[in-house]
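**Q** Mind looking at a prediction? Sequence and model below.
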Amino acid sequence: MENGAAPTAPAVIVAIDGPSGTGKSSTSKAVAAQLGLSYLDTGAQYRAITWWMVTNGIDTDDPHEIAAAAGKPEIVSGTDPAAPTITVDGTDVAGPIRTQEVTAKVSAVSAVPEVRTRITELQRTIAAGAPLGIVVEGRDIGTTVLPDADLKIFLTASAEARAARRSGELKGADVNVTREALIKRDAADSSRKTSPLAKAEDAVEVDTTDLTLEQVIECVVTLVEEKRAGK
Ligand SMILES: Nc1ncnc2c1ncn2[C@@H]1O[C@H](COP(=O)(O)OP(=O)(O)O)[C@@H](O)[C@H]1O
Ligand SMILES: Nc1ccn([C@@H]2O[C@H](COP(=O)(O)OP(=O)(O)O)[C@@H](O)[C@H]2O)c(=O)n1
């Protein structure tokens, strides 16, 4: 190095996909924080556009109406893993995007090709602009959004474990109702035509059913470090 500065590692792109409750958000945030990378929650972006549709009286059972409105909201994601943010037209929607109503409607909205094209473009721009690299979590990151990612992880867990984790978060929620809602959403996300929830051929699958969150984080950090070391 001419000026004696330490060489910087090239930006690393990590894609983490999987169904609901497998630990994508918790793992991705922690891995990004530990490795000094940016973090992007793509589910929050689909929830944000769904929130906008609901708030603006768009019929979420009508794909044509959704498609016609898909370009209207401006969605901005903050990518600091210690404090991720999401705004729509300047309004902080971190809370409202987690309501049961948005959760029930997000699969229908995110299945519309015009919605996916718009959000995918946004995701690629954010990933390309992350100075040291980024951990991006979702459903189609390894298959469609960032097919050239340096590392692809596909998280799984039993429906029982996932429902127990989710109902632990939603205070007072019946675990059986949560389990059924989760299975229904997975089925819709996996069966849609455009960019369904799927494991990329070259993704490493990690079953988190019997692992603690700390074990999953350690596993992914090790895989990133091995990639960086060229192993
Ligand atoms: N391996 C694990 N063991 C136990 N609980 C976990 C594990 N991974 C995540 N959790 C918990 O499960 C819940 C859902 O995790 P989250 O990261 O939001 O999943 P996803 O983003 O895949 O929907 C959170 O409360 C989280 O703390
Ligand atoms: N890359 C992505 C991420 C999320 N989504 C959609 O957005 C929804 C919400 O994603 P999420 O990650 O917030 O869901 P949770 O697993 O956190 O409940 C999913 O059920 C999908 O319908 C998608 O289609 N593609």
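**A** Done, it's in. Ligands and ions are numbered 1, 2, ... in the order given.
**Q** is it true that Leu182 touches Arg166?
**A** Yes: between Leu182 and Arg166 a contact is recorded at 6.4 Å, counting by CB atoms under 8 Å. Yep, even glycine has a C-beta here, placed from its N, CA and C like the rest.
**Q** what is in contact with these two at once?
**A** Both Leu182 and Arg166 are in contact with Ser20, Gly21, where contact means CB atoms under 8 Å, 6 or more residues apart in numbering.
**Q** Quick check, the residue in the chain closest to ligand 2?
**A** Ranked by CB to the nearest ligand atom, the top residue of the chain for proximity to ligand 2 is Gly43, at 2.1 Å.
**Q** mind checking how far that residue is from ligand 1?
**A** Distance, Gly43 to ligand 1, by CB to the nearest ligand atom, to the nearest Å: 7 Å.
**Q** Quickly check: the lowest-mean-pLDDT helix or strand in the chain near ligand 1 or not.
**A** Sorting the helices and strands of the chain by mean pLDDT, DSSP states H and E puts helix 159-169 at the bottom, at a mean of 89. Yes: residues of helix 159-169 contacting ligand 1 under CB under 6 Å from any ligand atom: Arg165, Gly168, Glu169.
**Q** So what touches the helix or strand just after that helix?
**A** Next along the chain after helix 159-169, taking DSSP states H and E as the criterion, comes helix 175-191. Contacts of helix 175-191 with the rest of the structure, by CB under 8 Å, 6+ apart, involve 19-21, 103-104, 106-108, 110-111, 139, 159-160, 162-164, 166-167, 170, 196-198.
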